[in-house]
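quick one, what's the 3D model for this:
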Amino acid sequence: MIMLFKKIADNSEDNSYATTMRRKRFGFFMSLLAGVPRPLSILDVGGTQGFWERMDFTDEPGISITLINLKPQPVRYAGFTSIIGDATDLSVFSDDAFDVVFSNSVIEHVGGINEQSRMAQEVIRVGRRYFVQTPNYYFPIEPHYLFPGFQWLPLEVRAWLLNHFNLGWSKRKPTIAEARESVNSVRLLRKDELLTFFPHTNLYEEKLAGLTKSFVVYDGWD
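Below you'll find the model as predicted:
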């Protein structure tokens, strides 16, 4: 069953459902971006050049993309820049420094609720517009470990499972401490939490089998 979930959820596979959903989501982003005058600047919080390559968006005239991550990311296209930074503290940038702030499946990785709130505040501050996606806490298949209901289990149960088994994209951790650290590094968001972090936003819900798989919040595009 895990292998089936991987085939569905693998973003590196062109024919996976995850890739299909991601391309559909990116098409929505492109429809918004079409109305923004060039030249324009995009800050991708926690992103990689590989993502933009898979979306066939690496040589767009008049568009510059800055990647910000805890570790440097390789870039080989003229329009890309990679810098080191923290999603919860973008103080290196002034208010409205970017035309667009983009983030894909990152806010669930920055820490607890306080860190997630700080990231949201920084996204809103440094971007004239934003487009932020994150998985839904209530979707039954946890997207990182590909285990049904994994996010609803107690922390110690999740850590025990990862200490004993390979789960989704994560190899089995040799110690319970490492397993605990790994499962603690993901905090999926509920819809009401996301809307609290991003007040007065627009919400786009991605559906799979009638269930909301992930959310996109976006604003400033009018």
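
to what extent is Gln73 buried, counted in neighbours?
Gln73 is flanked by 18 other residues according to other CB atoms under 10 Å. Using the backbone N, CA and C atoms, a C-beta is placed for each residue, glycine as well.

go on, Ala87?
23.

I'd guessed it sits against Val106; true?
Yes - judged on CB atoms under 8 Å, Ala87 makes contact with Val106 at a distance of 6.3 Å.

any idea where the strands of the protein begin and end?
Using DSSP state E, the strands found in the chain span residues 40-45, 63-69, 80-84, 100-104, 130-135, 202-208, 211-219.

got TSV for those strands, with distance to Glu53 too?
TSV is the format used below for these (distance: least, CB to CB, whole Å):
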stretch	distance to Glu53
strand 40-45	12
strand 63-69	11
strand 80-84	10
strand 100-104	14
strand 130-135	18
strand 202-208	22
strand 211-219	21
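
so which of those strands gets nearest Gln116?
Set against Gln116 and scored by CB to CB, the strands of the chain come closest in strand 130-135, at 9.0 Å.

okay, now the sheet partners of that closest one, with direction.
Paired neighbours of strand 130-135 in the sheet (DSSP bridges): strand 100-104 (parallel), strand 211-219 (antiparallel).

so which of those strands is the most surrounded?
Of all those, strand 100-104 has the most neighbours on average by mean count of other CB atoms under 10 Å, namely a mean of 25.
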